[in-house]
Every structure is written in C-alpha cells, then in structure tokens.
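sequence and predicted structure below; questions after.
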Amino acid sequence: LQAIADVPNVAKQLHMPAQSGSDAVLRTMRRGYDGAAYRELVARARRRIPDVALSSDFIAGFCGETDADHADTALAAERRSCPSVLAL
C-alpha cells in the first residue's frame, strides 16, 4: 500500500478478490480470512490511498454453498463499491 500511495508511476489500483461474502464458505475454501478482515483491509487501503481503484471477484455456487451463503455473497458484492467485479 505504501508503494502504491507514494510512488507516482505506480497505478493506484488494487485487485482484492473477496471470493465470497459468507464466512462459512470462506472457511470451506480455506482462505484464511473472514468478511470482517477483508472489510478492514479494504478500509485500510482506502484510508492510505483515497483515490484507489478497487476491483474484486466473487465465486457463486461454490460446493456446499447454501441460499443464505449466496445471499451473503450477493450483498457483499453490492457493498464493495468496486466499479469492477468479476462474479464466477
């Protein structure tokens, strides 16, 4: 984050794949983070680089995903405020 913020010829863009908005699915995927940790990382990036362009990706229909898990992911994708989201 420091290099992106401080070096003028480094693009102010981060791809931050969330993968899922469901903590249960993230555990199944063995991602090592939960929704709260992801949201804090996004907030930290926005504080450090106010004009950062964020993109993300989400996986829909992961094995064992419930309707509630999917709803959590859909809500997370809407809340990310990323102009570029890839939903798989």
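Cool, the structure landed. Just so you know, these numbers come straight off a predicted model, no measurement behind them. Residues are numbered from 1 along each chain as shown.

mind listing the helices for this protein?
Taking DSSP state H as the criterion, the chain carries its helices at 2-6, 23-28, 35-48, 67-79.

report all helices and strands that the third one contacts.
The reference is to helix 35-48. helix 2-6, strand 53-58 (3 or more Cβ pairs under 8 Å, 6 or more residues apart in numbering; DSSP states H and E). For glycine as for every other residue, the C-beta is placed from the backbone atoms N, C-alpha and C.

same list (the ones you listed) but as a markdown table, adding mean pLDDT and distance to Leu41.
Compiled in a markdown table, the helices and strands packed on helix 35-48 are given as follows (pLDDT from 0 to 100; distance: least, Cβ to Cβ, whole Å):
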| stretch | mean pLDDT | distance to Leu41 |
| --- | --- | --- |
| helix 2-6 | 95 | 13 |
| strand 53-58 | 89 | 10 |
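
for the ones you listed, which one ends up most surrounded?
Ranked by mean neighbour count, those are led by strand 53-58 with a mean of 17 (mean count of other Cβ atoms under 10 Å).

quick one, it and helix 67-79 angle?
Angle, strand 53-58 to helix 67-79, by axes from the mean of the first three to the mean of the last three Cα atoms, to 10 degrees: 170 degrees.
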